[in-house]
Structures are given as C-alpha cells and as structure tokens.
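Trainee: Make a model of this:
(2 chains)
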Amino acid sequence: MTATARIERLKERLLAVRPEMDLENARLLTEGFQEAEGLPLIQRKAWAFRKQCAEKTIFIQDDELIVGCSGSKVRGGILCADTCWGVLDAELDTISTRRYDPFYLRPEDRKLFENVIRPYWKGRSGYEQWQRRIPEDTRLLRDNGVVYIDRKAVRGFGETTAGYADIIRKGVRGLMAEIEERRARIDLTVPGDLEKDDFLAAELMVCEGMILLAQRYAALAFEMAEQEKDPRRRAELEEIARVCERVPEHPAASFREALQSLYFYQTCIFMEQNAASYNPGRMDQYLFPYYDADLKAGRLTEEEAQELLDCLWIKFSEPCLFQDAVTAEFAAGYPMFQNVCVGGVDENGSDAVNELSYLILQATMDVQLYQPSLSVRYSMAANPNRFLRKIAELIRLGTGFPAFHNDDIGIRMLLNKGVPLKEAFDWNPCGCVETNLAGRMRQYTALADINLGSMIELALNNGICRKSGVRIAPEVGEATTFQDYPAFEEAVKQQIRYAVAAVVKGSHLIDDICLERVSPALSLTFPACIEKALDYSQGGAKYNCGNGIILIGVADLINSMAAVRKLVYEQKRISMAELVQALATDFAGCEHIRQLCLKAPKYGNDDETVDEIAGRMFTFLADEIESYSSKFGKMTPGILPVSGNTPFGLEVGALPSGRHAWKPLADGVSPSGGTDLEGPSAVLKSVAHIPHGRFVQGTLLNMKIEPALLADENGLRQLMALLKSMCSLGVYHVQFNVIDQAKLLRAQKDPDRYRGLLVRVAGYTAYFTELGRDVQDEIISRTTQHGISVG
Amino acid sequence: MENDLRGNILRIEKSSIFDGSGLRTVVFFKGCPLRCRWCSTPESQSFAPQRGHDTALCAGCGLCASQCPAKMGPDDHRAADCQFCGNCVTFCPQHANIIYGREMQVSELLEIIAKDDVFYFHSDGGLTLSGGEPLCQPEFAAALLKGARELGVHTAIESSFYAPYPAVEQLLPHLDHVFCDIKHMDAAAHLSHTGVDNQLILENITAAAASPFPFTMTARLPLIPGLNDSAQNLTATARFCATLARPVQLELLPYHRLGLNTYRKLGLPDPLPGVGPPSAAEMADYRKIAANAAPGLVVR
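Mentor: Residues are numbered from 1 along each chain as shown, chains lettered A, B, ... in the order given. Okay, here's the model as predicted:
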C-alpha cells in the first residue's frame, strides 16, 4: 500500500510552507487576561482560552478530512506570552534568519508585539522570574555550558501524555458532568474549597470553549460545502461539518469522530501553552474499539481508515515549536515530539498488538514526515513476530522511525517511578524516549542537561572551565597530585555531585515558578486533577515525579576515564602532567599523545575494561540524582541528547578520549562516532552495561544499519534477531540510521563530514572515506544487490 | 591442555551474516596453501605476520618511524627487523598502517566467541572458521570447534579442503555445517588459477560427504568472469555436487574487488586488472545453468 493522491497533495502543500511567527494566540491571551482582571489566575487563564476558541482564526484546507490548528496558520510559531514573551523580545531582529529553526516575523506582527504584548507582560513572565532568581552556582554552570536548564522557562508544560481517551469516550459534555458532580461536593465554608471551586469553574470555562471551537469549525465546513462546486468535495465538507458538530462535545461514535476528537483536543492544549511533547501515546489501544466496530459494521474499510490516519499524520506535522535560539540548538528541527506509540502489553500483561497497530506503522511509512514521533513498545514475550517484522520493514525505509523500545525495561522504569505494575503495563514513551502514563503522571521529563564532558574537564583542571578560564566548580586538587586511578575517579565524582546539586536547586526554583503556569485545558483529562480539584501544574495528577535530569556525553565520560586509567595509571605510557599539558593545548605539538588517547580502549566494542567503568559510573550517577527529592517526588535521571551534544561540545576543551576541543560530544548512550569497530553486537553489549531501568526518563541509543541488513530477506531476519538480542540484553531503546546508497554517495563527495563512517569490507571494518575510490564504488554498487562476501 | 593451544589468526569479525546461518563470529585463520588469483584477502595467505601500509593515506609525518624500535619507515613492508610491536599502527593519525596476524590461544578466542551468545541464540548464529585455511592448523582448529560446541555454539567451517584427509577428519566431528570451495573442476585450470591441483580437494569433499558425521554441507563457487564462469565449469561443478553422498547445496558467489585496498597496503599489484563483478543478470544466468545441469540440486 502507498499513500493516496490526497495524501501526496497535502504533504506537498505542507512542505512548501515556511515557518512563521504566529502572534494571534499571544494577542488573544493578552486581551483575555485583561478582560478577566480581578478573577483568580486559573480563571483568567481559562477565560483567555475560551476567548481563543471563540475568536481565533479558523480555516479548513483543500483535501483535508481531519481539521483544526492550534494557531492561525500552519507551521506557525506560537509565543507563550505569559511564560516567556522576553524570548521573542531578545530575538526580534534575528528570529527570521537565525541558524537553527528560524521563524519569519512579519512587520505587522512585530508592531503587535511591541505595542500590545510586551507592554502587558513585562515583569509578569516566568522567564523573567527565572532569570532574576536563578541560584548563583546554577547560573555559573549554565553560563559556562556545564548545564542547560532554561528549557522550562521558555515554553509551557508539555512532556506529558494527556488523557485523550477520556475526551474521545466521554465527550466534553461527559467531563462537564463529572466536574459538576465534583463541584456539588464543594463546601465553601471549608478552608481550601474556595480554590477548588475556582479551579472547577475554570474547567467548565475550558469545556465551553472547546465546544464553541468545534461548532465554529462545523459552521465553517457547512458554509464551505454550500459554496463548493465539486460534488465529491462538497460531500466531504458536509461530513466534516457533521463530525465537528458531534465531537469533541459528545462521545465519539466512529473511528473518524475519535480521530477528530483527539486532534481537536491536541490543538487545544497547544493553544493553551506552546510546548513540546504532548504525546498522543497508545493510539492503537484507545482507538481500536472504534476501528473495530466500524469495520465490523461495514461503515469503514481498511483503506479508508488508513487514509484518515494518514490525514491525521499530516496534521501532526503542521505545528512548529517556537523556542529561543539556544534551546533550539539543543533540540533543532522545530520538534514538537508528539509521540505516538503502538504495541506492548495490555492490562493483563498480554499481547496488545492489533490490526490498528499495523495501520499506524503504515501511516508513518506512507507519509514519511517528521511527525508524529512514532514509537513502538516491543514485548519480546508477548508481541508476535509479524509485528517485529513490520517494525523492521519500517526501519529499513531509513526515516529514523520507529523509535524501538524494549517493553520490559519501560515497565521497569515506571515501577521505579513508583507506579504499581498493573498501571505500569500501560506506560508510553514520551517526547524522545522518556516514560509516561496517560492522564496520570506529572513531571518535566527533561528539566536540565548536565554536560559529562565538563565533568572530566573540571576534574582534571581543578574546577576551572577551560574555555572561560573561570573557576566555576569545586577545587579538587591539581590532577598531577592524583596518586592513583581511584583518586582521579573521586575527583570526577566530586564534580558530578556539585553539578547535580546545582541542577536540583534550579529545578526547585522552576517548580516554584511553574506553580503559576496553570493549565486548565491540560488538567481536564487528568481525572485526579478533577477529583482533587487541583491544577496539573500544582500536583493534581495521580502520580507526581521529580523532574528529569539528563546526562549528555556518556561515551566521552567513559572513554576519558578508561584512557586515563590505561595510559596514565596502568601502562604509564604518559604521565598525568603530559596529559594535562596536551589537553590544555588541544594536543598541539603532541599528536603522539592524542593517538595514544584515541587508540585506548573505547566504549562500544564489548571490552570489559571500559564497559565496567560505564556500569559503575552510571550507577553512581543514578544514585546521586535519586538522592534528591522535590516537592513532587524523587528526582529522575535520563540519558537523551536530542541535539544537545553539539552545543555542549562547543563548551568543552580537549578530552583524554582523544576528542579535540570544541567538537560535538557523543549522543545518548551511543559510542562516540567512528570508535565502534566491532559491529552491532559489540555496541549492544557495551551499551547494556548502563543500568537502563534506573534511568527512568529513558536512555537513547542511535545505531547504524549496514547495507547488508537492508539487502534481502536474510538481512531483515537478522535485523529482527538483533532487536530481540537487544531486548535480552536489557537495553531500553534504539533508533537506526541507515547507511544506504545515498549516504555513501554523500560521504564520497564530502569525506570530511563522514570521517567516522564505518563500513564492512571483505570481513573487516574500515572507515569508508579511507578506502580507495574503486573499493568505495564497489561498496556503493553492492547496496542494491545481495551477496557480498567471497572467502 | 587443548585450550592452551596457540594458532595464527588474521582477525575476528562479529555479527557476520555471510558465512552461515544467523549472526556469526567469523575467525579468520592466517596462512593458506592456495594462491587464488582473485583472492579477496591476500593478507591471509602468508602464515607469518605482515605489515601493511597505505601510501594514499600516509601524510608523511614520520610519527611511526619516530616511535618504531627498529626505526623503520612506513614503506619498509617486508623489512626483516620488524618486531610487530604495533607502535606504527597506534601512532599513525591517518590509519595508514596495519599489522596482519597475531598468535592467539584457544581459550582467548573462546572468550571472544562466548561474548555474542545472545546474538547466536536469537538468530541461529554461531562460529565460523574461515581464512586463510583452517585445515592448515588442524589441532588448533579442532580444539576451537570442540570448545565452542561445549559452550553450546553452532559451528561451521569455510575451507578450500586442500589438506591431508586426516586433518579434515580431525575437524568433522565438531562441525554443524561445512562450506567447501570448489574453485574449478578442471585440473589444469585449477592449478593455473590457484597454484594447486584440485584432485585432493575433490577427494576430500567426496570423503567428507560420505563420513558419518551429521553436519550439513554447502559447496561454494566464487564466479570470476573469464576464469571459471564457463557453462562447462558450472555444469561440471553442479554435477559433482549432485553425486556426493549427502545433500549439498551449491552457492554461487559473485567475484568482488573489495580486497583491492589490501593489495595496495601490501604493496601488491591488482591481481586481475580489468575484471569486474558479474552483474545480477549474469548471476541469475549462472544459477540457471547450474540448476539445469543437476536437477534436484539446490542452487543459491
């Protein structure tokens, strides 16, 4: 099956749109807050939301079957004025042209910003509070690139999975009835019930807004249908009108209504707050009853269901994440991280894969856009081989999807977050690889990043940042005084303890500031928020976790420690003084030392002398992070770089791993580029030394797939075997870069960019760019046919 | 102790999918009695360790010579005083130097083989001995196969079968699968292309196929355009396979030139200038010819 002509047209039109700032949302928010002056914060926010629903620009595009948009235009960057108007203020002159994720700013929008938005919000945003109140040690580490912690100050909540199923099943009316029921139990003579009543009234305002918005779409569709000449499109518009009249107000009565209800709610929570990672989650589970009933009743064919899903996939690619230039560097590509998940187990712990799981995988194969982020939960014990095979086929397309998750480890992570097993069975990946529970869990999954390359630098440089020359961290003694390897390791640990503590302080401040970032539209589908009559931001969800602390530069840390141990303390091939000197000068004039460093054993080759350090250090890191709690719960560790390994690398000088100064760090738990010489099994064995289940915000592994695994049926089978092996080893996640013909051709043309690209040649592994042209050509030609090796 | 035996090993490749079922660890032996003109691993021919150097990559920085105990320059390929200390490899920033071959113990290899156990399990993979020629180090190879079997690992060998039969017999009890190369059915052509006679090879294959051990067997014919790809040779090979005492699959492998880089590193000329790999269509034709020659023979 391939995408229909409709899908091709929708996709083509979307890709032609250049991202623009979209300030209508910020204007309506501002006016709404002004109108609602005197009301409690939660109701001002709800009123502004309702105003958005009533007044925002709406449109239905040609060929669309699923409608809705959080902004006034597609690919618009929405400014979360109450959180961070100042971000745009600082980038007014550069936002249209900045290097990462530019948004075109129209002159009239700039005026609107300067005359309406800025004057109202000046002094009131969370971002300003954060800049003013950030603890001094945290600030010093942030400003020197050791931690990155601004992310939550520059956008809304996100990083959560709303209870989409609630909206679909109960309809907004059903939820309103529940709110009314809860409100009936309020006693305004009881202290605390006033705030609860304020919250519940705000929820009702949100509900009214959502119904209003859908009705406006219904009216628009009806109006357009009347004008439409083409009878086919007229019928489609009439059906859109009919669907929007029903949902999300009422429970969905069909698969299509369920999809529309889901997407309306998705746009609503983005309208409320510009944020990344609102995750639709386990769509194959909560949508299946609708699909199944329609199919059985003969109301829907598989092809029609596929087209509707494909249409929804296009919609998921319409929004573009607006954030400041620095944050954009850490997560480049306008990433909305709307994570959709298929597979895994049901509430009995049994196979949850159904026909819709396959259709959802197929939608990503059909549409091949950057959203939604498609994840699979693969349960080796429960899920069928047919499912794994479909996953392998999608991997071979080379889109980078799906993100493959080992279900058992995901469940283990939820248990470690304090969720009982029965509910842990229902977990879903969130954002990149973080763990979540729909409609029940609150936390910032990736509050701050810690630069592990800096930990080595600060340990060897007595707390002084190489780049700035400023002392920003504890004095741990000159490296030359470390008598043995344990002394060096202790210095690294001391730097880690200090950085973790600084991040925890910052996290507590963010938590405090964000108590005011109320989100009534999001809270609506967290049943515990309604029952407790408490907003999501303030701990209303059933499970509240401490924020996520993310580690970047895993391989750099491990390789550096392994090199120091081997070269300085075991083999004594170089002295610590020589090493420190070489690092200070970025190996200038001592290439022989750099070569020794580079050729010391590396993580990713199944070498116990290196991997043993990984196991020990990452147990230490998890212990250290978990030793702190916030008012919401135990702090939570994770390892996912998004693209933060690149900007972090710019802040770190040369390392004992042999990495040159200011170069990118390794991503996720992956080996450093070009250092994994033993093939995929060795990579997975090394990576398995990290105690994945303890990094409850997920661990991210990028692996490459060699042409041989793409070529034929046998290759596909071996890819499936690799995935099963990865599960047996307890690795949590993997995503694949495919080394296909196109990539090899690019590498041939631009060898400098592909220095680390490893390929296998006649039984050995080699750097592609170092092979002769004739051999390169032969490898390229072989990516299209099978049968490589002759003995 | 068998596990203390030492052998000459060229290298170890993990997760290989070309020499037997599943994901395999392939142990390449160093040293081979044949000199096939199309050899893709010329570094496996000599039993002694060798130095390789890629002049195209060498930047002439001199770091290798400065760290060499024998003060050898990078171009001294066959210099007798090389101690194979590996410094020239370690210190070269360009990856221009390489040492081919080292002595390894059975126990050391078994430790490496055991590392991929999980991968063998899920893929029906295992260990393959290749080369070079494993039959040239029969005691060592037998100990290795036996040790792998004791670890529950599936075993295979990729061999020219050019060895005294007792060497073959030593290995057969420890094997689950046998790949035997048949490079040419014509004795004279075999001699001229590989440097050895094919009589011993064909006798060994025949005897092995008739042996009581329960391994499965695949014959492999690397197809080198103009050298051994005639219809006559394909037909003869297929018919030979069909006469063997147990079912044997015939696998046709297209010639490739991926070994050229190694020829350069060893300072050797391109052994078959102007000969390129057969096309997919030609391979399909070859398969058809072989299949027609011996109905019932599985040709891949």
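Trainee: any idea which helix or strand carries B:E103?
Mentor: Secondary structure from DSSP states H and E places B:E103 in strand B:102-105.
Trainee: how about the next helix-or-strand element following that strand against chain A, any contact?
Mentor: Remark: after strand B:102-105, the chain's next helix or strand is helix B:106-114, criterion DSSP H and E. No: counting by CB under 8 Å from any CB of the partner chain, chain A is not contacted by helix B:106-114; separation bottoms out at 8.6 Å. (Each C-beta comes from the backbone N, C-alpha and C, glycine too.)
Trainee: send the alpha carbons of helix B:106-114 over as PDB?
Mentor: Only the C-alpha atoms of helix B:106-114 are listed here, as PDB (Å, rounded to 0.1, in the frame of the first residue of the first chain):
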ATOM      1  CA  VAL B 106      42.100 -21.200  22.000                       C
ATOM      2  CA  SER B 107      40.900 -20.000  25.400                       C
ATOM      3  CA  GLU B 108      41.300 -16.400  24.400                       C
ATOM      4  CA  LEU B 109      39.300 -17.000  21.300                       C
ATOM      5  CA  LEU B 110      36.600 -18.900  23.100                       C
ATOM      6  CA  GLU B 111      36.100 -16.000  25.500                       C
ATOM      7  CA  ILE B 112      35.500 -13.700  22.500                       C
ATOM      8  CA  ILE B 113      33.200 -16.200  20.800                       C
ATOM      9  CA  ALA B 114      31.100 -16.600  24.000                       C
END
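Trainee: In the stretch 651-791 of chain A, which residue sits closest to chain B?
Mentor: Among all residues of the stretch 651-791 of chain A, A:A721 sits closest to chain B, at 3.4 Å; criterion: CB to the nearest CB.
Trainee: Count the residues that sit near that residue.
Mentor: 24 (other CB atoms under 10 Å in any protein chain shown).
Trainee: I'd assumed B:Y120 was in contact with it.
Mentor: No: at 9.2 Å, A:A721 does not count as touching B:Y120 under the criterion of CB atoms under 8 Å.
Trainee: joint contacts of these two?
Mentor: Common neighbours of A:A721 and B:Y120 (criterion: CB atoms under 8 Å, 6 or more residues apart in numbering or on different chains): B:22-23.
Trainee: picking that back up, from B:G132, how far off is the residue of the stretch 651-791 of chain A closest to chain B?
Mentor: Distance, A:A721 to B:G132, by CB to CB, to the nearest Å: 27 Å.
Trainee: again with A:M561
Mentor: On the measure of CB to CB, A:M561 and B:G132 end up 37 Å apart.
Trainee: Go through stretch B:160-175 and flag the buried ones.
Mentor: B:160-163, B:167-172, B:174-175 (16 or more other CB atoms under 10 Å in any protein chain shown).
Trainee: what helix or strand does the residue of the stretch 651-791 of chain A closest to chain B sit in?
Mentor: In this assignment (DSSP H and E), A:A721 forms part of helix A:713-728.
Trainee: what's the farthest-apart pair in the buried residues of stretch B:160-175?
Mentor: Considering CB to CB, no two members of the buried residues of stretch B:160-175 lie farther apart than B:Y162 and B:H174, which are separated by 19.7 Å.
Trainee: shouldn't B:K71 be in contact with B:D81?
Mentor: No: the pair B:K71 / B:D81 is not scored as a contact, 9.2 Å apart, by CB under 8 Å.
Trainee: what's around A:Q34, how many residues?
Mentor: Neighbour count of A:Q34, defined by other CB under 10 Å: 12.
Trainee: How about the contacts made by the residue of the stretch 101-250 of chain B found nearest chain A?
Mentor: Using CB to the nearest CB, B:S123 is the residue of the stretch 101-250 of chain B that sits closest to chain A, at 3.4 Å. Remark: with contacts taken as CB under 8 Å, 6+ apart, B:S123 is in contact with A:717-718, A:721-722, A:725, B:21-23.
Trainee: A:A332 and A:P641 touch, don't they?
Mentor: No: in this structure, A:A332 sits apart from A:P641 without contact. The criterion is CB under 8 Å, and the distance is 11.4 Å.
Trainee: Which residue of these two possesses the greater neighbour count?
Mentor: Neighbours per residue (other CB under 10 Å) separate A:A332 from A:P641, with A:P641 holding more: 26 against 16.
Trainee: Output the lowest mean pLDDT helix or strand found in chain A.
Mentor: Lowest on mean pLDDT, DSSP states H and E among the helices and strands of chain A sits helix A:708-711, with a mean of 75.
Trainee: Could you list every helix and strand in contact with that helix?
Mentor: helix A:713-728 (3 or more CB pairs under 8 Å, 6 or more residues apart in numbering or on different chains; DSSP states H and E).
Trainee: buried residues in the helix it packs on?
Mentor: Per 16+ other CB under 10 Å, helix A:713-728 contains these buried residues: A:715-728.
Trainee: How about stretch B:252-272?
Mentor: With burial defined by 16+ other CB under 10 Å, the residues of stretch B:252-272 counted as buried are B:252-266, B:271-272.
Trainee: For the chain, give me the ranges with low pLDDT.
Mentor: No chain was given, so I picked chain A. Residues of chain A meeting the criterion pLDDT under 70: A:1-2, A:783-791.
Trainee: switch to chain B, that's the one I care about
Mentor: Within chain B, the stretches with pLDDT under 70 are B:76-79.
Trainee: could you pull out the helices for it?
Mentor: Taking DSSP state H as the criterion, chain B carries its helices at B:63-67, B:87-91, B:106-114, B:117-123, B:138-150, B:165-171, B:187-194, B:199-210, B:231-243, B:260-265, B:280-293.
Trainee: Quick check: which of the ones you listed is nearest to A:L665?
Mentor: Taking CB to CB, helix B:87-91 is the member of the helices of chain B nearest to A:L665, at 24.3 Å.
Trainee: The buried residues of stretch B:252-272: which ones sit near chain A?
Mentor: Among the buried residues of stretch B:252-272, proximity to chain A is found for B:253-262, B:264 (CB under 8 Å from any CB).
Trainee: Can you tell me which residues in the stretch 601-750 of chain A are near chain B?
Mentor: Neighbours of chain B within the stretch 601-750 of chain A, by CB under 8 Å from any CB: A:606, A:678-682, A:685, A:708-709, A:714-715, A:717-718, A:721-722, A:724-725, A:728-729.
Trainee: mind redoing it with 6 Å?
Mentor: Taking CB under 6 Å from any CB of the partner chain as the test, the list of the stretch 601-750 of chain A residues beside chain B reads A:606, A:678-682, A:708, A:718, A:721, A:724-725, A:728-729.
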